[in-house]
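J.: Got a predicted structure here, sequence first:
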Amino acid sequence: MNLEVAKNSGPFVPSCSLHVFDFFSDALKLWYEQHSSLPCSIIAYRDGVGDGQLQALIDQELKQMEANSDTDHNLLSVRLTFIVVKKRINTRFFLKKPENGILNPPPGTVIDLEFVKEGTVTPTRYNVIHDTLYLSPDAVQSLTYTLCHMYYNFSGVIRVPAPCHYAHKLAYLVGQSLHQEPHESLSKHLFYL
């Protein structure tokens, strides 16, 4: 993989020729080196997608991954669930109790059918946009909630699943400080925390 530093002194910007599938493919190669087989399934959380970018994500990133999977027969057997994480939403929630008035709902509250349009808690929204694992809503919700407890540097609950927060930390470090692709020897370590 070849990343190029942007010509200006601003944040690190990858070359336009770099595609999401390159990262996906490299991660699978690393997995194969360590386990001598491909994983049977992958669950990917994708953060940083605005409402206007969702269709482009489906048309470009997912199509690119599917097209490249078709050309590599080893990848055809890997089942994929792709979940988009959205933090910037206007909906707010509250819990109304007769004895205590209005409170914030407890962490892990899931609202997947009906909701109110006023309140205080800032929620995180998850959209499953591709699922060849055929996960139930309960399985996605349980996994997502569990991953929000698994961030290495914090013993509490974070707002997004740990892999999303790790990706954000890595992107910030590369863009603001390193200005180049990290050395390959660091790929198995959480050096960016």
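T.: Here it is on my side, so go on. Keep in mind the model is a prediction, meaning the values are calculated, not measured.
J.: Flag the shaky bits of the protein, pLDDT-wise.
T.: Counting by pLDDT under 70, the low-confidence segments of the chain come to 1-20, 66-76, 89-92, 113-122.
J.: buried set for the lengthiest helix in the chain?
T.: Using DSSP state H to define each element, the chain has its longest helix at helix 20-35. Neighbour-count burial for helix 20-35, with 16 or more other CB atoms under 10 Å as criterion, is recorded at 20-22, 24-25, 28. (Glycine included, C-beta is placed from N, CA and C.)
J.: Check whether Val157 really touches Thr146, as I assumed.
T.: No. Under the criterion of CB atoms under 8 Å, Val157 is not in contact with Thr146, lying 10.3 Å apart.
J.: circling back to that earlier point, which element follows the longest helix of the chain toward the C-terminus?
T.: Past helix 20-35, further along toward the C-terminus, the next helix or strand under DSSP states H and E is strand 41-47.
J.: As JSON lines, the buried residues of helix 20-35 with distance to Val84 would be great.
T.: Written out in JSON lines, the entries for the buried residues of helix 20-35 read as follows (distance: CB to CB, whole Å):
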{"residue": "Val20", "distance to Val84": "13"}
{"residue": "Phe21", "distance to Val84": "18"}
{"residue": "Asp22", "distance to Val84": "20"}
{"residue": "Phe24", "distance to Val84": "16"}
{"residue": "Ser25", "distance to Val84": "21"}
{"residue": "Leu28", "distance to Val84": "21"}
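J.: Quick check: of those residues, which lies closest to Val49?
T.: Out of the buried residues of helix 20-35, the one with the shortest distance to Val49 is Val20. That distance is 12.0 Å, counting by CB to CB.
J.: Count the residues that sit near Val160.
T.: Residues within reach of Val160, counting by other CB atoms under 10 Å, total 21.
J.: Kindly report the same for Val140.
T.: Residues contacting Val140 under the criterion other CB under 10 Å number 19.
J.: For my notes, confirm it occurs in a strand.
T.: No. According to DSSP: H, G, I helix; E, B strand; the rest coil, Val140 belongs to no strand; its state is helix.
J.: doesn't Tyr126 make contact with it?
T.: Yes. A contact is recorded between Val140 and Tyr126 when judged using CB under 8 Å, the distance being 7.1 Å.
J.: got the residue ranges for the strands in the protein?
T.: Secondary structure of the chain by DSSP state E: the strands cover 41-47, 79-86, 95-97, 101-103, 125-131.
J.: residue closest to the middle of the protein?
T.: In the chain, the residue lying closest to the centroid (CA atoms, centre = their mean) is Tyr45, at 2.6 Å.
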